[in-house]
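Participant: requesting a structural model of the entry that follows:
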Amino acid sequence: MFFALFVLLCPNSFAQVKLGAKAGYLYSSASGDIDMRHYDGYTVGLTSSFPVGPSSNVIGELLFSKRGYNIDKSVVVDDEWKDLKVSFSYIDIPVMFEYKVLPFASILGGGYFGIQAGRSLYYSGDKQDDTMMGKKQLFDFGLLAGIRLHYKKLFLEAQYQHGFTAPYKEIGVFKPRSFSVNLGYMFSL
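Facilitator: Next up is the predicted model:
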């Protein structure tokens, strides 16, 4: 979205924009006083890069991500303890600053804005009605930091995502934390 606006306002700079795609593994959990286990998720989407200096770029992305958390033996149903699994689907829009520290390596930092597109609740593998989760917090935002390794048009990156908003309106303690490893490819325009 950021780059679409930029291209409209500065059409002569469009030639410098690089577009690409990426996908990866997302290891997520949530902060809180409850002992949670991680959730194995994924992220997939489009990425773009625009140079703002000899060693730096602004990166804008449009991603679909699946993240959540697990809590062992946390719910009693019919006098039996059940494991809880919660998963969320998000459309994320990260905007990051990339600084090349070596010809093949960069550090990344910035923020993201997310829209909660879906959510699911499971008790010991059995899907439950998601209205049991309370009111949905539609928006998510937070910070990102990471590293990116480049080889020709391929890149490998590791990122940490620190969310500031909880996925529930009434419960503010479950703020998302994620670590992802992504593989991507940049196309030439």
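Participant: pull out the buried positions in stretch 42-49.
Facilitator: 43, 45, 47-49 (16 or more other C-beta atoms under 10 Å). Where you see a C-beta, it was placed from the backbone N, CA and C, and this is true even at glycine.
Participant: please apply the same query to stretch 142-161.
Facilitator: So, applying 16+ other C-beta under 10 Å, buried residues of stretch 142-161: 142, 144, 146, 148, 150, 155, 157, 159, 161.
Participant: against residue 101, how distant is the fifth one?
Facilitator: From residue 150 over to residue 101 the distance is 11 Å, taken as C-beta to C-beta, to the nearest Å.
Participant: let's see stretch 84-95 as CSV, backbone CA atoms only.
Facilitator: Output in CSV follows, covering the C-alpha atoms of stretch 84-95 (Å, rounded to 0.1, in the frame of the first residue of the first chain):
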residue,chain,number,x,y,z
LEU,A,84,-6.4,-25.5,24.5
LYS,A,85,-5.2,-24.4,21.1
VAL,A,86,-6.0,-20.9,19.7
SER,A,87,-5.0,-19.8,16.1
PHE,A,88,-5.4,-16.5,14.4
SER,A,89,-5.2,-15.5,10.8
TYR,A,90,-3.9,-12.0,10.1
ILE,A,91,-3.3,-9.8,7.1
ASP,A,92,-0.1,-8.0,8.0
ILE,A,93,1.4,-4.9,6.5
PRO,A,94,5.0,-4.5,7.7
VAL,A,95,7.1,-1.4,6.9
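Participant: mean confidence for it?
Facilitator: For stretch 84-95, mean pLDDT rounds to 91.
Participant: what lines up beside the host helix or strand of residue 181 in the sheet?
Facilitator: Of the helices and strands defined by DSSP states H and E, residue 181 is found in strand 176-187. As defined by DSSP bridges, the strand partners of strand 176-187 come to strand 18-30 (antiparallel), strand 154-163 (antiparallel).
Participant: identify the farthest-apart pair in the buried residues of stretch 42-49.
Facilitator: Within the buried residues of stretch 42-49, two members stand farthest from each other by C-beta to C-beta: 43 and 49, at 17.3 Å.
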